[in-house]
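Provide a 3D model corresponding to the input given below.
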Amino acid sequence: MEAIILLGHGSRITEANKTLKQMALLVKELGNVSIVETAFLQFIKPDFFDAISACVLKGVKKIIIHPYLLYKGRHFEEDITEMITDARRKYPEIEFVLTEPLGVHKNIARVVLERAKKDIKPVKILKASEIEEKSFELITEEMDKINFREINFRDIELPIVKRVIHASGDFEFAENMRFHPEAVETGIKAIKKGMNILVDVEMVKAGINKKLLEKWGGKVICGMENGKWKMENDNKTKTEIGIEIAVRENNNIGIVAIGNAPTALYRAMKLIRNGIFKPELVIGVPVGFVNAVESKEVLLHMKYPFITSLGRKGGSPIAAAIVNALLKIAEEGGGDR
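Model (predicted):
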């Protein structure tokens, strides 16, 4: 038995996400496919791993993943391929097939021409700042209703939790995020000292507000960006090698932000343990089935400042959101003791 997973980007707007579910119904009907699941890369559930689990529970032996994206961007080249690698390790008995994204196709061109001929009513376009302001108002309202169980966030931690929820559309982060008591203050101190931020993949770098960081004199460093990791002949993952190269070539790293690879988090913690470098703060929120949970559990018991999230959830957008929240707090003058 086989299944198809339509993997979309995801939106903070609920109505927008319904489009993918409607497409899944069409695929199921037109293709006579018994199982068609939907998943989103960010902002909303179900995520990729939720969809995989649903297929496994239904006894599927072959899963075809179709990125419902227009072209091969960073999500396709980095995030999706990494997630499928994790899934293959978790479920070696299942065959995973990744299709091309939508790309260039005559049928898509026909749809464009069809839409262009229709009378389109003008739509009121909200400014980005207006959308963000309204989103945070809604997040605050929802959080007020949530029982935080045993977790009591400090006032300075709440903006970080809210920005993570804003980036993911997932209120479970209000329960699974964890902060070292000095994490926020030391992170802001590092930013204001003009220290650099080391990330594991380009997607984290792309999501960080570099203008705010550059205001303090810092920059974002990614060991993957210059391709030097390809020159290293070692039995390590490319993200591990990238972390080692970045640490070797930079002596002003104040914050480490890992959003994709558990191996990169393990490597960073090992380098810290061995005294190779000493960042002010480690943000560890890798995502996936293999070692993501375990690596964050290890970080949770470190004595140095950290920010993490329990469980499988995390990802590049989450790591970037945490950094951006710290930058925003620094800009507004918070975090000073």
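
can we go C-alpha only for contacts and neighbour counts from here?
Will do.

burial of L113, as a residue count?
Counted with other Cα atoms under 10 Å, the neighbours of L113 add up to 11.

measure it to T19 for me?
Going from L113 to T19 by Cα to Cα, to the nearest Å gives 20 Å.

can you check A39 too?
12 Å.

these two: who's more crowded?
Per other Cα under 10 Å, whichever of A39 and T19 has more neighbours is A39, with 26 against 11.

the more buried one in helix, strand or coil?
Of the three states, A39 takes strand under DSSP: H, G, I helix; E, B strand; the rest coil.

OK, contacts around it?
Contact analysis of A39 by Cα atoms under 8 Å, 6 or more residues apart in numbering lists 5-8, 45-48, 50-51.

and I63, what element?
Applying DSSP states H and E as the criterion places I63 in strand 62-67.

let's have the contacts of A39 in JSON lines, adding secondary structure, neighbour count and pLDDT.
Output for those, formatted as JSON lines (DSSP: H, G, I helix; E, B strand; the rest coil; neighbours: other Cα atoms under 10 Å; pLDDT from 0 to 100):
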{"residue": "I5", "secondary structure": "strand", "neighbour count": "22", "pLDDT": "95"}
{"residue": "L6", "secondary structure": "strand", "neighbour count": "23", "pLDDT": "95"}
{"residue": "L7", "secondary structure": "strand", "neighbour count": "23", "pLDDT": "94"}
{"residue": "G8", "secondary structure": "strand", "neighbour count": "21", "pLDDT": "93"}
{"residue": "K45", "secondary structure": "coil", "neighbour count": "18", "pLDDT": "84"}
{"residue": "P46", "secondary structure": "coil", "neighbour count": "19", "pLDDT": "89"}
{"residue": "D47", "secondary structure": "strand", "neighbour count": "19", "pLDDT": "89"}
{"residue": "F48", "secondary structure": "helix", "neighbour count": "24", "pLDDT": "91"}
{"residue": "D50", "secondary structure": "helix", "neighbour count": "15", "pLDDT": "91"}
{"residue": "A51", "secondary structure": "helix", "neighbour count": "20", "pLDDT": "93"}
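
which of those residues lies closest to L158?
K45 (22.1 Å; Cα to Cα).
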